[in-house]
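Chemist: Take this sequence and fold it.
(one chain, ligands or ions: 2)
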Amino acid sequence: MEQTFIMIKPDGVQRGLVGEIIGRFEKKGFSLKGLKLLTVGQAFAEKHYADLSSKPFFNGLVEYIISGPVVAMVWEGKNVVTTGRKIIGATNPAESAPGTIRGDFAIDIGRNVIHGSDAVESAKKEIGLWFPEGVANWSSSLHPWIYE
Ligand code: DAT
Ligand code: MG
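Modeler: Ligands and ions are numbered 1, 2, ... in the order given. You can find the predicted model right below:
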């Protein structure tokens with residue numbers, strides 16, 4: 001089954017949005033496979049955002065991500081990468097639809113509360129980077145009530 005990497009950024013943790021965000025993924029029907037609170041260092045953050053290293057906002061982005069603890073998660077389910085991005089909303093909260101996490105809880109692009117993998121391949125890479133120890137192996141007993 002498909003997996004995605006979701007991270008609640010330092011602003012989401014500081015603002016007490018952890019439970020709300022986890023609840024949205026849980027209530028949708030996705031399964032939580034990995035979860036940890038940690039503060040990452042500069043080299044790690046630069047690796048996570050390596051694809052953006054040439055962007056003018058890169059240094060500010062890295063400073064923001066290392067500024068406090070984040071909640072790193074792996075969620076599993078059918079189409080979870082694409083659907084996870086829909087739950088999160090557009091990158092710029094000014095354009096995120098109401099009902100999405102960024103649409104409901106963020107204003108500025110540089111404080112957009114949450115990260116989600118943008119493709120199955122990047123999800124695999126990010127899960128490997130953030131969870132080198134691996135993730136939990138369990139399946140929800142609700143499966144037949146969520147999938148036909
Ligand atoms: P996303 O997080 O929606 O996948 P991204 O991968 O293009 O977006 O960029 C990673 C983060 O970098 C994004 O969540 C916020 C920040 N960012 C992106 N574009 C930006 C911009 N034009 N100005 C400032 N920050 C930006
Ligand atoms: Mg991205």
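Chemist: Val40 against Val71, yeah?
Modeler: No: if you go by C-beta atoms under 8 Å, Val40 and Val71 don't touch, sitting 11.7 Å apart. Quick note: C-beta positions are derived from backbone N, CA and C, even for glycine.
Chemist: shared neighbours, those two?
Modeler: By C-beta atoms under 8 Å, 6 or more residues apart in numbering, Val40 and Val71 have no common neighbours.
Chemist: Does anything pack onto the helix or strand containing Tyr64? Which helices or strands?
Modeler: Applying DSSP states H and E as the criterion places Tyr64 in helix 58-65. With contacts defined as 3 or more C-beta pairs under 8 Å, 6 or more residues apart in numbering; DSSP states H and E, the packing partners of helix 58-65 are helix 10-14, helix 42-48.
Chemist: taking the mean pLDDT, what do you get for whichever strand or helix holds Ile127?
Modeler: Element membership of Ile127, judged by DSSP H and E, is helix 120-130. With pLDDT averaged residue by residue, helix 120-130 scores 98.
Chemist: sorry, back to before: just checking the distance from the next helix or strand after the helix holding Tyr64 to the centre of its chain.
Modeler: The element immediately downstream of helix 58-65 (helix or strand, assigned by DSSP H and E) is strand 70-76. Its chain's average C-alpha position is 6 Å from that of strand 70-76, according to C-alpha atoms, centre = their mean, to the nearest Å.
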